[in-house]
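J.: Below is the sequence, then the predicted model.
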Amino acid sequence: MRLTGEQEDIIRHSGGHAKVSAVAGSGKTTAMIGRVGHLLRQGIAPDKILVLMFNRSARAVFTERLHESLSRTGLRPPAVRTFHSLGLRLVESFTAKQHLPRYRLVTEEFQLEKLAREAMKKYAAEADGDETWSSKEGIEGFLLFIGLVKTDVATPQEIFAICGFEEKLFYYTEAYKIFESLRRTSKVRFYQDLIHEPVMAMQQQQELANWVADHVDHIIVDEYQDINEVQQQLLVHIAGQRAQVMVVGDVDQCIYEWRGAKPEYIVSRFARDFPRPTTYTLSYSFRYGHRLALAANHLISNNRLRDRKLCLAWPGNPDTRITCLPEVEPHPVVGIITDWQKANRRLDEAAVLVRIYAQSVPVELALLEHNIPYRLVGSEPVFSCTEIRALLGYLRLCQGSLQDAEGPEAGEQGTGLSTVLAMLTNPHIWLKKDLLRNLAQEILKKPGSAGALIEHYADEAGSPYLASRMLTIAGIWRKIRKKSPKTRAFTVLNTLIEETDLYAHFLYAARPPVAENKIKTCQSFIRFAQNTGLSVNDFLAEIERLADKEAGKDLTGEQNSLLITSIHRAKGLEWPLVILPGLEEGAVPFRQEKGEQEVEDIEDERRLFYVGMTRAKEELCLLYPQDRRLERRKKAGDSRSPVTTEKGVCSASCFLYEANLNFSDGLGGRILAAESAKEKKKEKEPLQAVDLTIGKQYLKAVKTSVRLKRNKKK
Ligand SMILES: Nc1ncnc2c1ncn2[C@@H]1O[C@H](COP(=O)(O)OP(=O)(O)OP(=O)(O)O)[C@@H](O)[C@H]1O
């Protein structure tokens, strides 16, 4: 493989710090390996070089490739570490020097959750005992809070103020103190403490900071866009005054803000902590063609917090197709996959990437219906999802029996107990756990008297308000019980949502992103019921058939199956075919916060969409609701999005407008034709578009003689 000029420049960089801005799939690993080899050949001792990778799997891949590249040279490779493994070494050294206490390292996530739960319970006991504090979502939010305090190296109060937690969660700051005190009493240290503790120790004791600094001459950091405050501080300490630091990353792929990563680090902070860096760019991607590169550039150029680089397709890359399909019934995923298989392609060469898991619901249902094997990674399969189990439970209530409701919850002695519990918690009736279980068991025996039973238990409610709420819910159960099973399933579900105010309940009981996902999950499922047009009886029979298929398929063992996972999990990966479903406003960008926060949020969301699109090698399928305005603007090559420019609303995601899809597709095709033509031919007609900015920049960069003309029609 011949290195590009850009890669060569990075490898031979001399003197001072350096920042490498690398687009997706641009051979940065190749360049970093080349850089290490170059330093070793210059006579730098391996123990004077430190390579820092983001996680263990990246470290394993890098180490293997580095060893392979050095195998014939006789040169000894330097240490390749993750930030956490470096932290662990410091913890061990500081412990040996008695600057940190000797604690046990606990790596299991559930142990961390257990201690967090204990802290919340203790806080609740000391306050006035509200059960909601120990709910699943409460714990998730609290765990996020603890993580942020440690990654941002801030006080709990600062994190509460900066990160915009809801006022009702202020108790996290107190619970955090209890959590830390429990951790000290139990003498344990979690994964997240491995960097935080030594950094805090160095902050407090200069002697330790001096001891750590100035041991290496060169530090190379991968995936720098995902660095957070505590890691940055560790890097500053290790580098001291001696090391030359080279960081490699792509601000446009910074998608871990919820873990404390911020685009500012790569954009400006690096140069503050490591002055006068030389800036390099790896602008050619070896993954996809011009059409996709252009669409990605159009999209991401809307972000303000970035470096102004263009992502270019390397000549000879596959000519990645961009297919746009309306997400109407029958679900387009079936046609896409059937065509893929007809072309003798395997299912595991494709992936469906979602922003939120609610988007996978219609995809899963369509795949089940058409017997297409899939595996869902990162979330529960559709029929195990509590909200959907609750909705199905209410439909079964119309039939008069909850007893038969076995389904995937057969673990509860196959009685349907978990379905009744799902109903009683969606919306939650806020009874104490043991009472809730007793009530569920009684309802299971006599579903016909469910209303009366709930009313009876209202005496046990924690407050008059909760008691009156239980009476209302009892009324709704009665009403649903009375509905004929010949009523359309969609009608029953709609009544249920309206009367229970289920979505408002989600928003009250869970963190906003969790609540929104629950709402969209229900909406997707209800839309499915509407599309079938079936009665409760027939719909439940159909669901049973699909649930049997889901239960019957081997989710883990199926090798050749279609992967459904989140864009977050797809980072750093690639597939020949990538499908992005559910591209509608509200879901993509996933809007949860309003006001001042929104600009930053949308940039974060745009980066996520950018990461999603740039995973594709041969074909990218974008599925979205019909939107006539989008089609008009696509035709005119107009990339203005109604949401960001006109404060109006559109049904398809604003990112589809911004990607200037038709123009990107047309221009990409012309560039490819010009590249592959043996001799230069004059084009008949220049390509027209309203928005030519990115197109012109791209043409200049790839030095092709395609002509463009401004389309004045808006
Ligand atoms: N100069 C080059 N010419 C042709 N192909 C190259 C060149 N450099 C790298 N590649 C190829 O591009 C692909 C990606 O390379 P590499 O893994 O180094 O990139 P990366 O930027 O680390 O990828 P990712 O963004 O997925 O982490 C590999 O298949 C590699 O062989």
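T.: The structure has been received and is ready for your questions.
J.: start to end distance for stretch 561-579?
T.: 14 Å (Cα to Cα, to the nearest Å).
J.: What average pLDDT does it get?
T.: On average, the pLDDT along stretch 561-579 is 95.
J.: how far does that stretch sit from the chain's center?
T.: 11 Å (Cα atoms, centre = their mean, to the nearest Å).
J.: ok, and for that stretch, which residues are buried?
T.: Buried positions in stretch 561-579, judged by neighbour count with 16 or more other Cβ atoms under 10 Å: 561-568, 570-572, 575-579. From N, CA and C alone the C-beta is placed, and that goes for glycine too.
J.: Ok, stretch 244-260 next?
T.: Those would be 244-257, 260, for stretch 244-260 by 16+ other Cβ under 10 Å.
J.: Against the ligand, which of the buried residues of stretch 561-579 make the cut? List them.
T.: G572 (Cβ under 6 Å from any ligand atom).
J.: of the buried residues of stretch 561-579, closest to the ligand?
T.: G572 (4.9 Å; Cβ to the nearest ligand atom).
J.: Can you tell me how far the residue nearest to T4 when sequence neighbours are not counted is from the ligand?
T.: Nearest non-adjacent residue to T4, counting by Cβ to Cβ, 6 or more residues apart in numbering: Y284, 6.0 Å away. Using Cβ to the nearest ligand atom, to the nearest Å, we find Y284 at a distance of 8 Å from the ligand.
J.: How about E460?
T.: 56 Å.
J.: and that residue, what pLDDT?
T.: 85.
J.: That one contacts I429, correct?
T.: No: contact status for E460 versus I429: not in contact, 10.2 Å apart, counting by Cβ atoms under 8 Å.
J.: Those two: which has the busier surroundings?
T.: I429 (20 against 15; other Cβ atoms under 10 Å).
J.: For that one, which residues are in contact?
T.: 436, 454, 457, 461, 466, 469-470, 473 (Cβ atoms under 8 Å, 6 or more residues apart in numbering).
J.: again, only using 6 Å
T.: Applying Cβ atoms under 6 Å, 6 or more residues apart in numbering, we find I429 in contact with 470, 473.
J.: cool, T278 as well?
T.: Shown in contact with T278 (Cβ under 6 Å, 6+ apart): A18.
J.: what do you get if the cut-off is 10 Å, keeping everything else the same?
T.: 9-10, 13-20, 246 (Cβ atoms under 10 Å, 6 or more residues apart in numbering).
J.: and if you look at K571?
T.: 24, 54, 223, 226, 253, 255-256, 608, 611-612, 615.
J.: out of the residues you listed, which are inside strands?
T.: Of those, none are assigned to strands by DSSP state E.
J.: Contacting the ligand as well, which ones from those residues?
T.: Among the contacts of K571, the residues lying close to the ligand (Cβ under 6 Å from any ligand atom) are A24.
J.: ok, the contacts of K571 vs R707, which is closest?
T.: Nearest to R707 out of those is A24 (Cβ to Cβ; 28.8 Å).
J.: can you count the residues close to the closest residue in space to the closest one that isn't next to it in sequence?
T.: Once flanking residues are discounted, A24 sits nearest to T614: 4.1 Å by Cβ to Cβ, 6+ apart. For T614, the neighbour count with other Cβ under 10 Å is 29.
J.: Check the gap between T614 and the ligand for me.
T.: Noted for T614: a distance of 9 Å to the ligand, by Cβ to the nearest ligand atom.
J.: What is the neighbour count of the closest residue to the ligand within the stretch 201-350 of the chain?
T.: Nearest residue of the stretch 201-350 of the chain to the ligand: F286, at 3.4 Å (Cβ to the nearest ligand atom). By the criterion of other Cβ under 10 Å, F286 has 16 neighbours.
J.: Kindly provide the distance from it to Y280.
T.: Separation of F286 from Y280 (Cβ to Cβ, to the nearest Å): 17 Å.
J.: Contact residues of the stretch 551-700 of the chain facing the ligand?
T.: Within the stretch 551-700 of the chain, the positions lying close to the ligand (Cβ under 6 Å from any ligand atom) are G572.
J.: in the stretch 251-400 of the chain, which spans are helices?
T.: Assigned by DSSP state H, counting those that start in this stretch, the helices in the stretch 251-400 of the chain fall at 263-264, 270-273, 290-300, 332-342, 360-369, 386-399.
J.: Among those helices, show me which one is buried the most.
T.: By mean neighbour count, with neighbours taken as mean count of other Cβ atoms under 10 Å, helix 290-300 ranks first of the helices of the stretch 251-400 of the chain at a mean of 27.
J.: what's that one packed up against?
T.: Packing partners of helix 290-300 (3 or more Cβ pairs under 10 Å, 6 or more residues apart in numbering; DSSP states H and E): strand 284-285, strand 312-313, strand 321-326, helix 598-613, strand 616-624, helix 654-658, helix 661-676, helix 693-702.
J.: Pull out the buried positions in the helix or strand in which A452 is found.
T.: Secondary structure from DSSP states H and E places A452 in helix 450-457. Buried residues in helix 450-457, counted by 16+ other Cβ under 10 Å: 450-451, 453-455, 457.
J.: quick revisit: looking at the contacts of T278, which are in strands?
T.: Those of the contacts of T278 lying in strands (DSSP E): 18-20, 246.
J.: among those residues, who's most crowded?
T.: Neighbour max across these (other Cβ under 10 Å) = V20, 30 neighbours.
J.: How about the contacts made by that one?
T.: Per Cβ under 10 Å, 6+ apart, neighbours of V20: 6-7, 9-10, 13, 26, 28, 31-32, 35, 220-222, 224, 246-250, 266, 277-282.
J.: which of those residues count as buried?
T.: 6-7, 9-10, 13, 26, 28, 31-32, 35, 220-222, 224, 246-250, 266, 277, 280-282.
J.: Next step: those restricted to helices.
T.: 6-7, 9-10, 28, 31-32, 35 (DSSP state H).
J.: Among those, which one lies nearest to the ligand?
T.: Using Cβ to the nearest ligand atom, K28 comes nearest to the ligand of those, at 3.7 Å.
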